[in-house]
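J.: need a structure here:
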Amino acid sequence: MKLNLSIRASILVTTLLPLLLILLGGIGVVSESIQSSALAQNMSRNVICFQAASDLITELQRERGRTSMFLAGALTRAELDEQRRKTDARLEPFRAALNASNNLSADEQRQYAPEMLEIDVLRNEIGATVTEPAVAIPRYSEKIDQLLKLMNAIANTPTSKGVGKALTSLLVLESAKENAGVLRATISGILGANQPLLEEQVMTVLRLKGGIDANLSSKALTLLPESVHRIKGFADQPDWRQMNRTIRVVLDQSHSGGFGIKPAEFWQTATGVVDDLEALVRIEINSILAKTAQLEHEAIRRSWGIIAGLLGVLCIALAFALVMATNIIRPIRHVVAMFKDIAEGDGDLTQRLAVSGVSEIGDLARHFNHFVEKLQGIISQMVGYTVTVASAATGLSAISAQTTQSVQTLSSRTATVAAAAEQSSANTASVATGMEQAALNLASVASATEEMSATIGEIAANSEKARVISRQAGEQAASVSTLMQELSQAAQEIGKVTEAITTISSQTNLLALNATIEAARAGTAGRGFAVVANEIKGLARQTAGAIEDIKARISGMQQATHRAAGDITKITAVIAEVGHLIAGIASAIEEQTTVTRDVAGHIARASFGVQDANERMAQTADVSRSMAWDLAEVNRAVGEIRSGGEHVQASAEELSNLAEQLRRMVNQFRA
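T.: Modelled structure (predicted):
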């Protein structure tokens, strides 16, 4: 699919497309940062849930110890209820943290919900069905183990930056704290009973004490330097030393009983140990929370930094693309403005573009200047050709006017010849009448010699008149023949002019074709000049059509002129023959005058001569009629020549108008 885009849009698309690809890559990085931020946020929520579970375990451990002391008779019910209220105060924060944890499924959240611990059920059983510390302690430990499983599940959720190892270390510390809490509850119950120990109880004490030591020395611990320093100093702490002495006393006197140690005192000592372990857990949890918060903050800051950087790069690239597009489009718009001025404005072909550099814009300016120079040359040539066409049209009009005038002269002279021919025909008829009269009076020639003499004198006069008329007719026919030759020569000159105009029309058509080709090379910008070239081509075609029409009319005029010349030649021959006949008549009359004295002897010959003269006069009359008809044909041919001349003059005027239109069109351009 082809897209119709401007140069500015194309440059912007070309420039911004790679940036958009980079932006997509940056969006991927931002997405990864957002995922890291979400992971850090989830880790923070999981650590908070881990801490809430740890706090709840701490209170359950205390409630477990208090319950053991209560069952051993070393604690009152009020003191136990007070501890239970502290435990209940940790349930709602634990519930909220559990629901906020995103990495736990809905089933896991239901599984570890506070109501699933069934603490109230266990409390109701204390003092009723559960009356021994050895039974109560495992029941509480089950609840605590359930919370430890939750903490283990949290430690196994997706983490980063060592948070998983830190949570694993917290599990180890929680295990040490649980062992210490169970040890506190177990020994508190033993001290409250103040009875010899069973072997199972001894093994439990040893197992719990060994578990604490194993937890604190585990290689799985990855703690802060401060926490490591605290663990190393536990052996020197009073509570730790006192707890170890109490454990040794209980083990040493396990067979006899009578430990001599109050349960409340050991409870206080063991609680100090548990608090130390809880403090370690809190230090590590706070460190993990700070770390996850920092990770979340860094991820968010990195995301915004990448977004700001990408937007900055995009803005800079957009500004750069706009500047580049403007620098490229500015000279192109200048070219378009000049093309528009040529096509629609003043048509100034003297302007040129400034050529700078060797870039494509410079090449465009150079080629545009070269095109305008060629166009200027073509227009200049066309100006010269319009002058030539106008001059030829003027000459053709003058020749047409001269031809019309000559034809008018020829027409008037032909009319004169026709009148003379009619007069000659009338005179010939008169001579024929006289000859008939002479034939009738031959019988009385002898008695009417004078009358015959008069008649002969009249015949002589008429013969002389006929001879003069014949001579005039010959001269008129010669003049008409000369005019026909001049008319034929003028028609040939008109043919030469039409050939010159045809050549000019062909050159104009060729120039229009070249201009059309140059406009096509210029593309859309040369469309206006293409219209001008098409108009010039149309004028050239009209000029060629008019010239062809003129040629056809001149050809018809030449043919008519040739026919008229042939007819006039015939008329000249007839007139010459009439002259000869009239000369013969004159000779016969002279002979009649000579032999008048011998009329009687030559009457028979005179009668024969009269008959011969009668026949010749009849021929003369026929020739006169033929000459009159030929002159009518000449007059008709002259009319056709006059009509052709008028058409030639009209065509010359049309050619002059076309030349004027061509001049006005060319004057639209300033060359």
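J.: ranges for the helices of the stretch 101-250 of the chain?
T.: Taking DSSP state H, counting those that start in this stretch as the test, the helices found in the stretch 101-250 of the chain are 106-111, 119-125, 133-155, 163-193, 199-216, 225-233, 238-252.
J.: What residues sit buried inside the shortest one?
T.: Of the residues in helix 106-111, those buried under the neighbour-count criterion (16 or more other C-beta atoms under 10 Å) are E108, Q109. Placement of C-beta: from N, CA and C, glycine included.
J.: model confidence over that helix, on average?
T.: Helix 106-111 comes out with an average pLDDT of 88.
J.: Which elements pack onto it?
T.: Taking 3 or more C-beta pairs under 8 Å, 6 or more residues apart in numbering; DSSP states H and E as contact, there are no helices or strands that helix 106-111 lies on.
J.: hmm, back to that, and among the helices of the stretch 101-250 of the chain, the most buried is which?
T.: Stretch with highest mean neighbour count among those: helix 163-193 (a mean of 24; mean count of other C-beta atoms under 10 Å).
J.: Which strands and helices lie in contact with it?
T.: Here helix 163-193 touches helix 7-72, helix 133-155, helix 199-216, helix 238-252, helix 263-344, going by 3+ C-beta pairs under 8 Å, 6+ apart.
J.: what's the closest of the ones you listed to R184?
T.: The closest of the helices and strands packed on helix 163-193 to R184 is helix 263-344. By C-beta to C-beta, the value is 3.4 Å.
J.: re earlier: output the helices and strands packed on helix 163-193 in JSON lines, with distance to R95 and mean pLDDT appended to each entry.
T.: Putting the helices and strands packed on helix 163-193 into JSON lines (distance: least, C-beta to C-beta, whole Å; pLDDT from 0 to 100) gives the following:
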{"stretch": "helix 7-72", "distance to R95": "9", "mean pLDDT": "81"}
{"stretch": "helix 133-155", "distance to R95": "12", "mean pLDDT": "91"}
{"stretch": "helix 199-216", "distance to R95": "28", "mean pLDDT": "93"}
{"stretch": "helix 238-252", "distance to R95": "33", "mean pLDDT": "94"}
{"stretch": "helix 263-344", "distance to R95": "19", "mean pLDDT": "82"}
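J.: Make CSV out of these and add distance to A519.
T.: Output for those, formatted as CSV (distance: least, C-beta to C-beta, whole Å):
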stretch, distance to A519
helix 7-72, 22
helix 133-155, 81
helix 199-216, 96
helix 238-252, 105
helix 263-344, 10
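J.: how about those, which one is nearest R230?
T.: Closest to R230 of the helices and strands packed on helix 163-193, according to C-beta to C-beta: helix 263-344, at 6.1 Å.
J.: chain center to the closest one, what's the gap?
T.: What separates the centre of helix 263-344 from the centre of its chain is 39 Å, taken as C-alpha atoms, centre = their mean, to the nearest Å.
J.: which residues sit against stretch 237-246?
T.: L183, I187, L191, F234, A235, I261, F266, T269, A270, G272, V273, D276 (C-beta atoms under 8 Å, 6 or more residues apart in numbering).
J.: Quick check: PyMOL command selecting the buried ones in the residues you listed.
T.: Remark: buried members of the contacts of stretch 237-246, expressed as a PyMOL selection using 16+ other C-beta under 10 Å:
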select buried, resi 183+187+191+234+261+266+269+270+272+273+276
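J.: from the contacts of stretch 237-246, which is closest to A155?
T.: D276 (22.1 Å).
J.: Just give the nearest non-adjacent residue to K340, would you?
T.: Closest residue to K340 apart from its sequence neighbours, by C-beta to C-beta, 6 or more residues apart in numbering: G528 at 7.8 Å.
J.: D341 versus that neighbour, what's the distance?
T.: Distance from G528 to D341, counting by C-beta to C-beta, to the nearest Å: 10 Å.
J.: quick revisit: out of the helices of the stretch 101-250 of the chain, the one nearest K374 is which?
T.: Nearest of the helices of the stretch 101-250 of the chain to K374, taken as C-beta to C-beta: helix 163-193 at 79.8 Å.
J.: could you list every residue that touches the residue lying closest to A270 once chain neighbours are set aside?
T.: What sits nearest to A270 in space, not counting adjacent residues and going by C-beta to C-beta, 6+ apart, is R184, at 3.4 Å. Neighbouring residues of R184 by C-beta under 8 Å, 6+ apart: Q61, G65, F266, W267, A270, T271, V273, V274.
J.: Same check on P263?
T.: Contacts were defined as C-beta under 8 Å, 6+ apart; by that measure P263 touches M69, A72, A74, L75, S188, G189, L191, G192.
J.: ok, now which ones touch the fifth one?
T.: It refers to S188. Neighbouring residues of S188 by C-beta under 8 Å, 6+ apart: G65, S68, M69, A72, A74, P133, P263, F266, W267, A270.
J.: mind running it again at 6 Å?
T.: Neighbouring residues of S188 by C-beta atoms under 6 Å, 6 or more residues apart in numbering: G65, S68, M69, P263, F266, W267.
J.: which two from the residues you listed end up farthest apart in space?
T.: Using C-beta to C-beta, the pair of the contacts of S188 lying farthest apart is S68 and F266, separated by 11.3 Å.
J.: what about the residue lying closest to Q109 once chain neighbours are set aside, neighbour count?
T.: Spatial nearest neighbour of Q109, chain neighbours left out: L98 (5.7 Å); criterion: C-beta to C-beta, 6+ apart. Residue neighbour count, defined by other C-beta atoms under 10 Å, stands at 22 for L98.
J.: For L98, which three-state class applies?
T.: On the three-state scheme (DSSP: H, G, I helix; E, B strand; the rest coil), L98 is labelled helix.
J.: Need the contacts of P263 in CSV (columns: distance to N657).
T.: Below are those laid out as CSV (distance: C-beta to C-beta, whole Å):
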residue, distance to N657
M69, 134
A72, 138
A74, 138
L75, 134
S188, 134
G189, 135
L191, 139
G192, 139
